[in-house]
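S.K.: Model the following, please.
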Amino acid sequence: MGEGTKRRGPAALRAQQAVRKKADPSARHSMQEDDRRGHVNDSAHSEAEAEIERQGHALPDEVLEQEGYAFEDVIAGVLDEVTGDDGEDLPAPKAVHKRVLQPDAEQPKLHKVLAQAGVGSRLEMEALIQQGRVLVNDQPAHVGQRVQFGDQIKINGKPVRVRIAPPAPRVLAYHKVAGEMVTRDDPLNRPTIFRRLPSLPQGKWQAVGRLDLNTEGLLLVTNSGDLANRLMHPRYGLEREYAVRILGALSDEERARLLNGVTLEDGEAAFGSIEDGGGEGVNQWYRVTISEGRNREVRRMMEAVGHAVSRLIRIRYGSVLLMRGLRRGMWFELSERDVARLTEEVEMPLPAPVAPVAARGRRNTSGAGRRPSMASAPVVRKPQTPRRKTDGAEGGKPQGYIGEGGIRPPQRGGKRSSKGRGR
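M.R.: Numbers count the residues shown, from 1 in each chain. Below is the predicted model:
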C-alpha cells in the first residue's frame, strides 16, 4: 500500500463521517443521492492509489482477520474508501490493471522432474534441454524452467509420463460492481467481471455462484472446479450474508414468514436470520443470511412478502468477508491459510505431494527413493564355504605362519622380489 494511505476501523470512520457532516451539510445529501443511484465513481486515481491497485492481490494476512466489513459502512457506501494521512478520501480507482499471476514458486524444475521419472540423471536432462530436444506444451524448454500439473512434456517428439503434484487451489475475492455480468461471453457486450481479473499461467477462473446484474459485493472466483462446486453445493450449507434495502419496513408477520419459509416457483426458501439495519423514509436496510444460492433468491423472497428490493450487497461468503479497502472493481488473492479454511469448510482435502521416483540404473547411496522391486525384496546372500587351509612354503606350516627370526615366509602369488630383475 502507498506510504500516504492507511486503513482504519469502523469506529474511526464513523467519527470522521460525523465531523464531515457537521462541517458540510451537503455531504449527507450527496451520500444519499449516490446510494439511491448506485453510482460508481470511475475518476482518475492518484499515484498512491495506483500502487494499491497493482498490489491489490497482496493485502497482508492480518487484514483478512481484523478488518472485515462494518454493516454501517456498507449501507453508507464508505466500506471501500481508503483515506490518506490528512484524512481526505483518495479518489476511486479506474479498472484494475490486467496482468498475469506468477506461477507457484514451489513448482518443480523440468530437469528434476525428468530425472525423477527415470529418464536419466539431472545433468543428462539439462544437456537434452540445451540441445533443444525437450518440449513443454509443444514449446522448446529452457534450463531451469519450472513445470506444473497438466504440462505436456516430450523428448525427441515422444511424450514422457511424469508425476507432478496438482497445485493447491487459488482463490480471489472480487468486489463486484453493479452493472457487471458474471459471464465470459455476453451477447449484449455488457461489462463482465472477468475483464478485471488477472490472467492465470494455466487454466481459467470459475465464479463461485453468480450475482445478478444489479447485485454488488463479494464474489469468489477460483481456478479449481472441484472447490467451486463444493462451495456452491447446498450439502455444505455455507452461509451467504447480504445487506438488502427494500421499500417499506417488514412487519412481524412478514419477518416470521421469511424465517419459516416462503413458497417460490422453484420450492421453499427461508432466511437463517434477519436483523434490522436502519434506514430513512421508505428505504429500510436489513442484514440477512441464507445457506443456498438459487437465482435471484433474496430478491424473490422479499417480493413474495410484498417488498421490492432497491439495493442488494453481498458482504460475506462462508468465512470470507468483504474487506475494508477493497474498492469496487478490485480483487485480492486469498492467502494459503484462508484457502485452507475454505477447503476445511467444504471437506475438501488438499493435494498431497508426489513422492520422487529414483532414476533407472543409478545407484542410490542415500537409501531413499529406491525402486520398489529392490526396496521390498529381501537381501539374499550366497552362503560362504569355509576356506581350505593350505600348506605354507616352508616345512608344511599353515598359511600365516611366522618363520624363525620373525621373517614371514614367501607366499604364493605374493610380491616378487626385486632381486634378479632385469635378467
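S.K.: Going by C-alpha atoms from here, please, whenever you check contacts or count neighbours.
M.R.: Fine.
S.K.: okay but Ile315 is in contact with Arg324, surely?
M.R.: No. In this structure, Ile315 is not within contact of Arg324 by CA atoms under 8 Å, at 10.7 Å.
S.K.: got a list of what Pro346 touches?
M.R.: In this structure residue 346 is Val, not Pro. Arg230, Leu231, Tyr236 (CA atoms under 8 Å, 6 or more residues apart in numbering).
S.K.: Quick check: Gln202 vs Gly209, distance?
M.R.: Computed as CA to CA, to the nearest Å, the Gln202 to Gly209 distance reads 22 Å.
S.K.: before we move on, back to that, in PyMOL, select just the buried ones from the contacts of Val346.
M.R.: In PyMOL syntax, the buried subset of those is picked out as below (16 or more other CA atoms under 10 Å):
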select buried, resi 230+231
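S.K.: JSON lines please, covering the contacts of Val346 and showing secondary structure.
M.R.: Output for the contacts of Val346, formatted as JSON lines (DSSP: H, G, I helix; E, B strand; the rest coil):
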{"residue": "Arg230", "secondary structure": "helix"}
{"residue": "Leu231", "secondary structure": "helix"}
{"residue": "Tyr236", "secondary structure": "helix"}
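S.K.: between the contacts of Val346, which is closest to Arg184?
M.R.: Taking CA to CA as the measure, Arg184 lies nearest Leu231 of the contacts of Val346, at 20.2 Å.
S.K.: Now do the contacts for that closest one.
M.R.: So Leu231 contacts Val208, Leu238, Val346 (CA under 8 Å, 6+ apart).
S.K.: Can you tell me which of these end up in helices?
M.R.: Here DSSP state H is the test, and the contacts of Leu231 give no hits in helices at all.
S.K.: what number of residues lie near Pro349?
M.R.: Residues near Pro349, counting by other CA atoms under 10 Å, number 11.
S.K.: quick one: secondary structure of the closest residue to it other than its chain neighbours?
M.R.: Among residues not flanking Pro349 along the chain, Thr343 sits closest, at 7.0 Å (CA to CA, 6 or more residues apart in numbering). Here Thr343 is helix, with the state taken from three-state DSSP.
S.K.: And for Thr263?
M.R.: Criterion first, three-state DSSP; result for Thr263: strand.
S.K.: and it, bridged to which residues?
M.R.: Listed by DSSP bridges, the beta-bridge partners for Thr263 are Glu268.
S.K.: Confirm for me that it is in contact with Arg257.
M.R.: No. Proximity of Thr263 to Arg257 does not meet the contact threshold set by CA under 8 Å, at 9.7 Å.
S.K.: between the two, who's got more neighbours?
M.R.: Neighbour count, other CA under 10 Å: between Thr263 and Arg257, Arg257 has more, with 18 against 14.
S.K.: In contact with that one, which residues?
M.R.: So Arg257 contacts Val305 (CA under 8 Å, 6+ apart).
S.K.: Okay, it and Glu268: tell me how far apart.
M.R.: In this view, Arg257 and Glu268 are 11 Å apart by CA to CA.
S.K.: The stretch 251-400 of the chain: strands as residue ranges?
M.R.: Taking DSSP state E, counting those that start in this stretch as the test, the strands found in the stretch 251-400 of the chain are 262-264, 267-269, 273-280, 283-290, 309-317, 320-321, 331-333.
S.K.: now these in a markdown table, with mean pLDDT?
M.R.: Converted to a markdown table, the strands of the stretch 251-400 of the chain look like this (pLDDT from 0 to 100):
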| stretch | mean pLDDT |
| --- | --- |
| strand 262-264 | 94 |
| strand 267-269 | 93 |
| strand 273-280 | 89 |
| strand 283-290 | 94 |
| strand 309-317 | 95 |
| strand 320-321 | 92 |
| strand 331-333 | 92 |
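S.K.: Redo the ones you listed as TSV? Include distance to His111.
M.R.: Shown next, in TSV, are these (distance: least, CA to CA, whole Å):
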stretch	distance to His111
strand 262-264	59
strand 267-269	56
strand 273-280	56
strand 283-290	50
strand 309-317	42
strand 320-321	39
strand 331-333	30
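S.K.: do you know which of the ones you listed lies nearest Ile129?
M.R.: Using CA to CA, those put strand 331-333 closest to Ile129, at 34.0 Å.
S.K.: Just checking: what are the partner strands of that closest one?
M.R.: strand 171-176 (antiparallel).
S.K.: Just want the angle from the strand it pairs with to strand 309-317.
M.R.: 160 degrees (axes from the mean of the first three to the mean of the last three CA atoms, to 10 degrees).
S.K.: For strand 171-176, list the C-alpha coordinates in PDB.
M.R.: Below are the C-alpha coordinates for strand 171-176, written out as PDB (Å, rounded to 0.1, in the frame of the first residue of the first chain):
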ATOM      1  CA  VAL A 171      -9.000 -18.100  -4.800                       C
ATOM      2  CA  LEU A 172      -9.700 -14.400  -5.500                       C
ATOM      3  CA  ALA A 173     -12.100 -12.200  -3.600                       C
ATOM      4  CA  TYR A 174     -13.600  -9.700  -6.000                       C
ATOM      5  CA  HIS A 175     -15.700  -6.600  -5.200                       C
ATOM      6  CA  LYS A 176     -18.400  -6.700  -7.900                       C
END
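S.K.: ok, and what's touching that strand?
M.R.: Residues contacting strand 171-176 (CA under 8 Å, 6+ apart): 57, 193, 215-223, 322, 326-334, 339.
S.K.: mean confidence for it?
M.R.: Per-residue pLDDT over strand 171-176 has a mean of 95.
S.K.: likewise stretch 114-121?
M.R.: 90.
S.K.: mind checking the end-to-end distance for that stretch?
M.R.: Using CA to CA, one end of stretch 114-121 lies 8 Å from the other.
S.K.: give me the number of residues near the spatially closest residue to Gly132 that is not a sequence neighbour?
M.R.: The shortest distance from Gly132 to any non-neighbouring residue, by CA to CA, 6+ apart, is to Pro140 (6.2 Å). Using other CA under 10 Å, the number of residues around Pro140 comes to 15.
S.K.: Outside of stretch 131-144 itself, list whatever touches it.
M.R.: For stretch 131-144, contacts defined as CA under 8 Å, 6+ apart pick out 109-111, 126, 128-130, 151-157.
S.K.: distance between the ends of it?
M.R.: Terminal-residue distance, stretch 131-144 (CA to CA): 14 Å.
S.K.: what about the stretch 1-150 of the chain, any weak spots by pLDDT?
M.R.: 1-70, 77-106 (pLDDT under 70).
S.K.: what about Gly278, how many residues close to it?
M.R.: Other residues close to Gly278 by other CA under 10 Å number 14.
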